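**Student:** Quick one, structure for this:
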Amino acid sequence: MITTTYLKEYSTYLRLERGLSSNSIKAYLNDVQKLLQFITGSGQALAEVGHEDLVRFITWLNELGMLPNSQARVISGLKSYFSFLALEELIADDPTALLELPKLSRKLPDVLSVVEIDQLMAGIDLSKPEGVRSRAIIEVLYGCGLRVSELIGLKISNIHADAAYVLIDGKGSKQRIVPIGQVALKHLDIYLSEIRNKQKIKPHMEDFVFLNKFGASLSRVSVFTMIKALAQQTGIKKTISPHTFRHSFATHLIEGGADLRAVQAMLGHVSITTTEIYTHLDREYLHEVIRSFHPRS
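**Tutor:** Residues are numbered from 1 along each chain as shown. Presented below is the predicted three-dimensional model:
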């Protein structure tokens, strides 16, 4: 079984024989750690990883929202690592020899940079009720990585501000716990106290967070329209939608070094590469991932 001892030897190899900088070495090691996270719990050792396993791993990264250029960088890191193992005769065959990026069945939405996220936020007119609501919507979409259906279905009774988490009703009636940062909580509280709770609310809508001006639950179309208009107003040229913020949430966490299984748990993804049910991740651990790696923590 490949252990951390070989990672240390690999690090030494990169430093002495490849002459890489400390930052480059750290990046290579992070790529290997991502693969280790992927196979953790399956009982599989790195020495047993084959080409098909690596294809499933790259597909998993794509499912989590990692951009193709970032996937290419990870592949480069894995090629270097398995080349080292083969050189040291720790494996018989290099499983990365024919590894290529999988063909994507659909084009992923553009991912916004942190600067672009801030640009959008700054373009919202907070003097208007709909602007206060828009700010809360985007903070929650980006701060929690929600689907638009989960956003419009969010209930007040599922917001636990004291513990800084929200309970999300996801696909297939599956619930999950997602940490929510103080910035998102702040703007959510402003919207609830100053706008939403002063509205005349329609029957059976009392527990829904986001309402339209008539006191009914918000529609998917209205969220799409608001985001499109805001992007145009602030000069963002990328094609964005509510899902863009979900991909940005995942990408910024992953590229910041967050644990992939924690990101998967927060997104509510069921892995397409394995039927394994991931081990439980407690709330404090997920909070720590957000605090450590999310740009608006």
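
**Student:** Quickly find the element holding the residue sitting nearest the centre point of the chain.
**Tutor:** Most central residue of the chain, judged by C-alpha distance to the mean C-alpha position with CA atoms, centre = their mean, is Ala250 at 1.5 Å. In this structure, Ala250 is located in helix 242-255 according to DSSP states H and E.

**Student:** How about the residue nearest to the centre of the chain, nearest residue that isn't a chain neighbour?
**Tutor:** Spatial nearest neighbour of Ala250, chain neighbours left out: Gly65 (3.6 Å); criterion: CB to CB, 6 or more residues apart in numbering. To be clear about C-beta, it is placed using only N, CA and C from the backbone, and glycine gets the same treatment.

**Student:** Near that neighbour, how many other residues are there?
**Tutor:** Using other CB atoms under 10 Å, Gly65 has 25 neighbouring residues.

**Student:** can you pull the contacts of it?
**Tutor:** The neighbours of Gly65, taking CB atoms under 8 Å, 6 or more residues apart in numbering as the test, are 108, 111, 246-247, 249-251, 254.

**Student:** and what of Ser217?
**Tutor:** Applying CB under 8 Å, 6+ apart, we find Ser217 in contact with 152-153, 205, 208, 210-211.

**Student:** beta partners of it?
**Tutor:** Partner residues in beta bridges with Ser217: Leu211, with DSSP bridges as the criterion.

**Student:** can you list the weak-confidence ranges in the protein?
**Tutor:** Scanning the chain for pLDDT under 70 picks out the ranges 1-5, 41-43, 47, 101-109, 172, 270-286, 297.

**Student:** That one: strands as residue ranges?
**Tutor:** Counting by DSSP state E, the chain has strands at residues 159-160, 165-169, 175-179.

**Student:** Including distance to Pro242 and mean neighbour count, could those strands go into a markdown table?
**Tutor:** Putting these into a markdown table (distance: least, CB to CB, whole Å; neighbours: other CB atoms under 10 Å) gives the following:
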| stretch | distance to Pro242 | mean neighbour count |
| --- | --- | --- |
| strand 159-160 | 19 | 16 |
| strand 165-169 | 14 | 20 |
| strand 175-179 | 16 | 18 |
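
**Student:** Report whether the expected contact of His294 with Gly143 is present.
**Tutor:** Yes: distance between His294 and Gly143: 7.3 Å, which falls inside the contact criterion (CB atoms under 8 Å).

**Student:** Which residues are in contact with each of these two?
**Tutor:** Shared contacts of His294 and Gly143, defined by CB under 8 Å, 6+ apart, comprise 181, 249.

**Student:** More neighbours: which of these two?
**Tutor:** Neighbour count, other CB under 10 Å: between His294 and Gly143, Gly143 has more, with 26 against 21.

**Student:** mind listing the helices for the stretch 51-200 of the chain?
**Tutor:** For the stretch 51-200 of the chain, the helices identified by DSSP state H, counting those that start in this stretch occupy 51-64, 68-87, 114-122, 129-144, 148-152, 182-194, in order along the chain.
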